[in-house]
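Novice: take this sequence and fold it.
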Amino acid sequence: YNQIQTKMSGDSLQNIVAATDDFGSTDYDRAKALESMLATQTLPMTNTGRSDAVMYGIHGWIDGDKQGAATSRTIEYTTNDFAIAQMAKRLGNEAAYEQFSTRSQNWKNIFNTATGHIDARNRNGFLNTSLTTQGAQFEQSTGYQYGFNVSHNMADLIDLRGGKDEATEQLDRILRDLDAGAFSDAAYIANQPSFGLPWVYNWLQAPHKTTETLYRAADELFTTAPDGLAGNDDLGSFSAWYVWANIGLMPAIWGTADLLVSAPMFEHIEITSIGSDRTISIDAPGAGDDRRYTTGLSVNGQAQTASWLPADFARSGGTLDFTMGATASTWGTGEGDVPPSFRDGSDNRNSIGITSDGAVNMGGLDAGGIGLSREDLAAAGVTGGAKLPLGDTGVEFTWPDTVAGEVDHWIPNGQVLDFGDVAASGKIGRAHV
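Specialist: Here you go, the predicted model:
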């Protein structure tokens with residue numbers, strides 16, 4: 001869709017289809033939809049709409065030297081791949097689920113653990129790119145505004161950013177200003193890359209901060225004056241964001257119907273579905289400026305402290321009974337109360353280095369077209385499953401048994417190997433990769 005509009009650099013149609021499907025709108029040829037996604041987004045990607053798709057498909061990241069929002073495109077594509085994985089799982093295609101779940105973790109390939117932030121990279125390493133400059137690496141936005149845009153695996157992102165307390169301080173700084181513009185180290189809520197920022201607090205065990213930020217946005221960015229809508233509505237997206245903020249729910253894990261919960265701004269809200277008897281009924285007595293915080297929630301009569309609702313609630317409908325308070329409570333602040341994070345694929349092989357002669361669009365090692373020839377390897381006796389001795393160390397390496405276009409090695413992204421009491425590189429203990 002973004003490609004048709006020629007506005008942004010992601011491939012969001014896959015997320016739209018996957019989320020709509022998860023909400024329960026399934027009266028279409030779902031198998032054909034998934035088939036199209038797999039056909040266009042699997043190497044050699046001859047029919048893809050993604051720019052630099054082959055590089056992304058081989059390496060799991062786009063070379064920052066290419067510019068053209070290379071780094072934010074990598075983030076966007078991982079989100080798109082997550083959506084494809086969820087569609088595949090619902091339709092029972094386990095192989096596609098594993099393949100695209102692995103690719104959904106490619107955002108880690110552009111996370112610079114030395115700086116604790118998303119960063120551009122090329123074949124030689126990270127570029128330590130400016131996080132307040134848009135265009136070359138970030139589409140209509142900055143690295144700060146894009147830095148939390150990994151809604152499908154926020155738990156790992158928070159860990160990489162230093163843990164809950166450090167990530168909360170970072171988010172507080174970004175959200176100190178909600179309309180800072182596209183060249184800033186603060187938020188620009190009126191622009192899509194910042195849309196999800198307020199709800200990150202739910203993963204940080206602080207849903208009251210989500211509520212506070214949404215009330216600020218409603219007060220600061222929306223009025224009834226002729227210029228009462230900050231920024232550009234962009235095909236209705238910002239108006240829709242405002243509606244979700246007022247309802248107190250948000251489908252903030254892009255590509256799913258999981259709903260994050262903040263606090264309703266109205267005492268009663270009724271959501272009905274056209275052509276269906278599905279209804280979501282929300283009661284929040286006293287909701288508003290004076291009692292803005294969720295201090296309790298019952299879902300279909302059952303009390304819960306979790307600050308999110310699974311997709312089956314969105315599909316089936318039901319009742320949400322809120323208890324509202326003038327001050328924040330402990331609701332939603334427990335470790336088990338946070339929304340889900342999807343880690344499947346995190347430690348899988350994530351890059352393709354073996355390719356047949358001449359098939360440079362099927363694999364490579366250095367982002368420059370250099371790969372391992374499958375034919376030359378076979379001539380040397382190196383085939384899938386072969387045991388290769390490492391000199392006279394007694395260690396054997398099992399060569400990966402893969403087919404064309406299948407991941408066969410790792411690009412490390414911060415993992416730790418614990419060797420216990422076994423010597424590794426002359427040292428005892430842990431090795432960072």
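Novice: so where's the protein uncertain?
Specialist: 1-8, 423-433 (pLDDT under 70).
Novice: contacts only, for the nearest residue to residue 316 once chain neighbours are set aside.
Specialist: Nearest residue to residue 316 in three dimensions, chain neighbours excluded: residue 278, at 6.8 Å (C-beta to C-beta, 6 or more residues apart in numbering). C-betas here are computed from N, CA, C, even on glycine. Contact analysis of residue 278 by C-beta atoms under 8 Å, 6 or more residues apart in numbering lists 24, 272, 315, 316, 317.
Novice: looks like the third one contacts residue 21 (just checking).
Specialist: In this case it means residue 315. No - in this structure, residue 315 is not within contact of residue 21 by C-beta atoms under 8 Å, at 10.0 Å.
Novice: neighbour count for those two, which is higher?
Specialist: residue 21 (23 against 15; other C-beta atoms under 10 Å).
Novice: hang on, the more buried one is in a strand, isn't it?
Specialist: No - using DSSP: H, G, I helix; E, B strand; the rest coil, the secondary structure at residue 21 is helix, not a strand.
Novice: and the contacts of residue 278, which of them are buried?
Specialist: Neighbour-count burial (16 or more other C-beta atoms under 10 Å) is assigned, among the contacts of residue 278, to 24, 317.
Novice: next step: the contacts of residue 278 restricted to helices.
Specialist: Among the contacts of residue 278, the members falling in helices are 315, 316 (criterion: DSSP state H).
Novice: closest to residue 169 among the contacts of residue 278?
Specialist: residue 315 (37.0 Å; C-beta to C-beta).
Novice: now do the contacts for the closest one.
Specialist: Applying C-beta under 8 Å, 6+ apart, the residues near residue 315 are 22, 23, 24, 257, 278.
Novice: what of residue 208?
Specialist: 201, 293, 294, 328, 329, 332.
Novice: 10 Å instead?
Specialist: 201, 262-263, 292-295, 307, 325, 327-333 (C-beta atoms under 10 Å, 6 or more residues apart in numbering).
Novice: kindly report the same for residue 150.
Specialist: 75, 78-79, 82, 104-105, 107-108, 111, 118, 156-158, 160, 196, 200, 254, 341.
Novice: now, those residues that are in helices?
Specialist: Per DSSP H, the contacts of residue 150 map to helices at 75, 78, 79, 82, 104, 156, 157, 158, 160, 200.
Novice: right, and residue 384 touches residue 404 too?
Specialist: No - using C-beta atoms under 10 Å, residue 384 is not in contact with residue 404, being 11.7 Å away.
Novice: now the common contact residues for those two.
Specialist: Residues touching both residue 384 and residue 404 (C-beta under 10 Å, 6+ apart) are 354, 374.
Novice: list residues touching both of residue 315 and residue 21?
Specialist: Common contact partners of residue 315 and residue 21 (C-beta under 10 Å, 6+ apart): residue 257.
Novice: confirm that residue 345 sits in a strand.
Specialist: No - secondary structure assignment (three-state DSSP) places residue 345 in coil, not in a strand.
Novice: what segments of the stretch 101-250 of the chain are helices?
Specialist: Along the stretch 101-250 of the chain, counting by DSSP state H, counting those that start in this stretch, helices occupy 143-146, 154-160, 164-174, 200-203, 207-221, 237-247.
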